[in-house]
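Novice: Sequence and predicted model, in that order:
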Number of protein chains: 2
Amino acid sequence: MPKVLVVEDDPSMAAALNDGFEYEGYTVTHAKDGATGLRLASETAPDLIILDVMLPKMSGLDVCRQIRKDGNPVPIIMLTARGQEIDKVVGLKLGADDYVTKPFGFMELMARVEAILRRASGRRAGIEAYQFGDVSVDFKKGEARKKNKPLDLSAREFRLLQYLIEHREEVVARDALLDSVWDYDSAPLTRTVDMHIAKLRKKIEDDPADPRHIVTVHRMGYKFTG
Amino acid sequence: MPKVLVVEDDPSMAAALNDGFEYEGYTVTHAKDGATGLRLASETAPDLIILDVMLPKMSGLDVCRQIRKDGNPVPIIMLTARGQEIDKVVGLKLGADDYVTKPFGFMELMARVEAILRRASGRRAGIEAYQFGDVSVDFKKGEARKKNKPLDLSAREFRLLQYLIEHREEVVARDALLDSVWDYDSAPLTRTVDMHIAKLRKKIEDDPADPRHIVTVHRMGYKFTG
DNA sequence: CGCAGATGTAAAGGAAACGTAAACAGTGGG
DNA sequence: CCCACTGTTTACGTTTCCTTTACATCTGCG
């Protein structure tokens, strides 16, 4: 049962996060300003910190910077208002692990939280079956369906999809895929990955030209969202 | 390593259960709606089903009822939200084995799971006999028949067929077969497996050129479907 | 807008996997 | 020793699908 520290000055937002996380089984600690957040970050040793960028007095960026300065590697997710996109780069540079732009759905936040906690705990699922949208995949049986109709996936496509799902909500680099799905000793000099991504999209996406599940992150790789 | 099927539409709850069970060493399959849950319940033959009562379209109660209607005696634990206490009686009447009210601690759930699995631990061992289509096999006696006529299977063919049947509906890799049916320390550099598959097909399939029971999954292995 | 690098995607060889027959090898019985 | 039987390897034709290539399109940036 992970502990979450929410640093947020807006009472209604704080209450919403509190309720949401508690419903999901997390233990929540709440700080209304940066100084308190900083203190609780070291005192309560949370597994994760949700940090609003806009805070009275001490900004979330300062809090983040100070936490890292103290040598605390706890995962941090930043909340930014729309139009503060600049903060993305700055925040990530300062040591945040992810950021979410307000307004956001709680599900979206939870997806990131889970991805980050999964990453932090180093546990990889080894998923045997998965379902997203109208697609279901059973890796053990080597079967996939969309709208309950069989999908004809090749072996490579299965492995690629499995890897993406096991790293869902994370950006996966091409050479990471070449490493794991193929057995290349690193060599991003081929377009093979892109090729297979395209084939996969054609099979599992409703509109392959506007993919919802396998999205490309320019200059970084691909990300599965399901 | 028992298999658990989680039927839950809420992604974060599903993820929490998934992580928890995997941490405890269980193999987890996940369905996001009742129809999929129903299908996976029969296809993956889980040792236990965690079933949310509140599901889109088909309610957990309906899923439970249908599973029992299909004659599947798998233990089922229902998840109900607080205030749905009525469901307890209904659920248990419909054939659920236990129920847990949300929110709940994972420890509490695990205690019930273990209790139920201990109770239902009439674990299935190595298969002794099996029947599919017009073929029947008795591994204990070492006898096989097709259309009621004796089939002449060699010892190796028996072991191969037994392994395939014990893993029916799953894709079995060649090196897994070499490991289990032969005693090779892994070395897919031989065509022996393919050879024996061909021989088996010639004996048990109606049309060996278009096999229905032992199908090949390109680049992955073979799959028995009975 | 225009450029450079990155990505989408269709088409085309070509490599790898597979089915199968036939040769080869080991074993036990008469 | 020969034979029957089983299991393994080899060889080759066929099928599958992986990779490469080529070009169109897009993105980020000045």
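Specialist: Okay, I see it. Numbers count the residues shown, from 1 in each chain, chains lettered A, B, ... in the order given.
Novice: need the longest helix for chain A.
Specialist: Taking DSSP state H as the assignment, the helix of chain A that covers the most residues is helix A:106-121.
Novice: what separates it from the chain centre, distance-wise?
Specialist: On the basis of Cα atoms, centre = their mean, to the nearest Å, helix A:106-121 is displaced by 5 Å from the centre of the chain it belongs to.
Novice: how about that helix, does it get close to chain B?
Specialist: Yes: Helix A:106-121 reaches chain B (Cβ under 8 Å from any Cβ of the partner chain) through A:107, A:110-111, A:114, A:118. (Each C-beta comes from the backbone N, C-alpha and C, glycine too.)
Novice: Tell me which helix or strand in chain A has the weakest average pLDDT.
Specialist: helix A:86-94 (a mean of 50; mean pLDDT, DSSP states H and E).
Novice: what's the following helix or strand after that one?
Specialist: strand A:98-102 (DSSP states H and E).
Novice: Any idea which residue of chain A lies closest to chain B?
Specialist: Nearest to chain B, among the residues of chain A, is residue A:155, at 3.6 Å (Cβ to the nearest Cβ).
Novice: Give the buried residues for stretch A:210-226.
Specialist: Along stretch A:210-226, these residues count as buried under the neighbour rule (16 or more other Cβ atoms under 10 Å in any protein chain shown): A:211, A:213-214, A:221-224, A:226.
Novice: Quote the end-to-end distance of it.
Specialist: 15 Å (Cα to Cα, to the nearest Å).
Novice: can that stretch be found next to DNA strand D?
Specialist: Yes: residues of stretch A:210-226 contacting DNA strand D under Cβ under 7 Å from any atom of the strand: residue A:218.
Novice: Tell me the gap between that stretch and the middle of its chain.
Specialist: Counting by Cα atoms, centre = their mean, stretch A:210-226 comes out at 12 Å from the chain centroid.
Novice: and if you look at stretch A:6-18?
Specialist: Taking mean C-alpha positions (Cα atoms, centre = their mean), stretch A:6-18 and its chain are 21 Å apart.
Novice: Once you drop chain neighbours, what's closest to residue A:50?
Specialist: Here the nearest residue to residue A:50 in space, its sequence neighbours aside, is residue A:6; by Cβ to Cβ, 6 or more residues apart in numbering or on different chains that works out to 4.8 Å.
Novice: wait, I meant residue A:109
Specialist: residue A:100 (5.6 Å).
Novice: ok, now residue A:30?
Specialist: residue A:6 (5.0 Å).
Novice: For burial, what's the neighbour tally of that neighbour?
Specialist: For residue A:6, the neighbour count with other Cβ atoms under 10 Å in any protein chain shown is 27.
Novice: which strands and helices sit next to the one helix or strand it maps to?
Specialist: In this structure, residue A:6 sits in strand A:3-7 according to DSSP H and E. If contacts are counted by 3 or more Cβ pairs under 8 Å, 6 or more residues apart in numbering or on different chains; DSSP states H and E, strand A:3-7 sits against helix A:11-23, strand A:27-31, helix A:34-43, strand A:48-52.
Novice: Contacts for that strand next, please.
Specialist: The contact list for strand A:3-7 (Cβ atoms under 8 Å, 6 or more residues apart in numbering or on different chains) reads A:14, A:17-18, A:21, A:26-31, A:33-34, A:36-37, A:40-41, A:44-52, A:55, A:60, A:63, A:113.
Novice: what angle separates that strand from strand A:48-52?
Specialist: 10 degrees (axes from the mean of the first three to the mean of the last three Cα atoms, to 10 degrees).
Novice: strand partners of strand A:3-7, parallel vs antiparallel please.
Specialist: strand A:27-31 (parallel), strand A:48-52 (parallel) (DSSP bridges).
Novice: Around DNA strand C, pick out the residues from chain A.
Specialist: So chain A meets DNA strand C at A:174, A:191, A:194-195, A:197-198, A:201-202, A:208-209, A:216, A:218-221 (Cβ under 7 Å from any atom of the strand).
Novice: Okay, and which of these map to helices?
Specialist: A:174, A:194-195, A:197-198, A:201-202.
Novice: Looking at neighbours, which among these is most surrounded?
Specialist: Result: residue A:197 is most packed of these (other Cβ under 10 Å), 22 neighbours.
Novice: Wait, it touches residue A:163, no?
Specialist: No: assessed by Cβ atoms under 8 Å, residue A:197 is found out of contact with residue A:163, at 11.5 Å.
Novice: ok, what's across the strand from residue A:223?
Specialist: Bridge pairing for residue A:223 - DSSP bridges - gives residue A:171, residue A:215.
Novice: quick one on the thing from earlier: determine which of the strands paired with strand A:3-7 approaches residue B:78 most closely.
Specialist: Nearest of the strands paired with strand A:3-7 to residue B:78, taken as Cβ to Cβ: strand A:27-31 at 25.8 Å.
Novice: and the angle from the closest one to helix A:11-23?
Specialist: Using the same axes, to 10 degrees: strand A:27-31 against helix A:11-23 is 160 degrees.
Novice: mind listing what's buried in strand A:27-31?
Specialist: Buried-residue list, strand A:27-31, by 16+ other Cβ under 10 Å: A:28-31.
Novice: close enough to count as contact, residue A:211 and residue A:200?
Specialist: No: assessed by Cβ under 8 Å, residue A:211 is found out of contact with residue A:200, at 9.2 Å.
Novice: Against DNA strand D, how distant is residue A:13?
Specialist: Relative to DNA strand D, residue A:13 is positioned 29 Å away (Cβ to the nearest atom of the strand, to the nearest Å).
Novice: From residue A:109, how far out is that residue?
Specialist: Per Cβ to Cβ, to the nearest Å, residue A:13 is found 11 Å from residue A:109.
Novice: Settle it for me: which of these two has more neighbours?
Specialist: Using other Cβ under 10 Å as the criterion, residue A:13 and residue A:109 rank with residue A:109 on top: 19 against 16.
Novice: gap between that one and residue B:165?
Specialist: Relative to residue B:165, and taking Cβ to Cβ, residue A:109 is found at 46 Å.
Novice: Understood, closing this out.
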